[in-house]
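> how would this look folded up:
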Amino acid sequence: CQDVVLSNAPHGPQFPFTGVDDRESWPSVFYNRTCQCSGNFMGFNCGNCKFGLWGPNCTERRLLVRRNIFDLSVPEKNKFLAYINLAKRTTNPDYVIPIGTYGQMNNGSTPMFNDISIYDLFVWMHYYVSMDTLLGGSEI
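Below is the predicted model of the structure:
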């Protein structure tokens, strides 16, 4: 594990809102150390296999093919929907989401995080990375 190192180069004129968007210094706004997993392992604690690998040592390859939902049988569609509903009701055991900006958290001294379902974590991640950035020409 090591400290996260960010560039200290000054922002250009295309980024006039320094300190407003939490994604500006990602990931240091929410954590300052990171680890790199070795071998075929991944995850926040290096306890998962890299995608496409399985087994106790993550050495078994398994090809997974994403099927078209229109090609599923009725029982397969029902099973898929049941898993989606289960994901909506299951709290993610590993992740929480911030419910305030770093500034609202008093520069991190007042943590503001909530548990989140597995499904809603994916929804939130898509929202967070695709929301408007506060670059030149955007509204605050």
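
> Select the longest strand from this protein.
strand 91-98 (DSSP state E).

> And the strands in this protein?
2-3, 33-34, 41-42, 48-49, 53-54, 60-61, 91-98, 113-117.

> on that earlier part again, can you give the strand pairings for the longest strand of the chain, parallel or anti for each?
strand 113-117 (antiparallel) (DSSP bridges).

> residue closest to the middle of the chain?
What sits nearest the mean C-alpha location of the chain, by C-alpha atoms, centre = their mean, is residue 125, with 5.2 Å.

> separation between that one and residue 57?
Applying C-beta to C-beta, to the nearest Å, the value for residue 125 to residue 57 is 29 Å. Every C-beta, even on glycine, is put in place using the N, C-alpha and C of the backbone.

> what does residue 36 give?
To residue 57, residue 36 is 18 Å away according to C-beta to C-beta.

> For residue 24, which of the strands of the chain is the nearest?
Closest of the strands of the chain to residue 24 is strand 91-98, at 14.5 Å (criterion: C-beta to C-beta).

> What pairs with the least confident helix or strand in the chain by mean pLDDT, parallel or antiparallel?
Least confident helix or strand, the chain: strand 33-34 with a mean of 80, by mean pLDDT, DSSP states H and E. Based on DSSP bridges, the pairing partners of strand 33-34 within the sheet are strand 2-3 (antiparallel).

> measure residue 24 to residue 102 for me?
10 Å.

> Same question for residue 122.
Taken as C-beta to C-beta, the span from residue 122 to residue 102 is 23 Å.

> more neighbours, these two?
residue 102 (18 against 13; other C-beta atoms under 10 Å).
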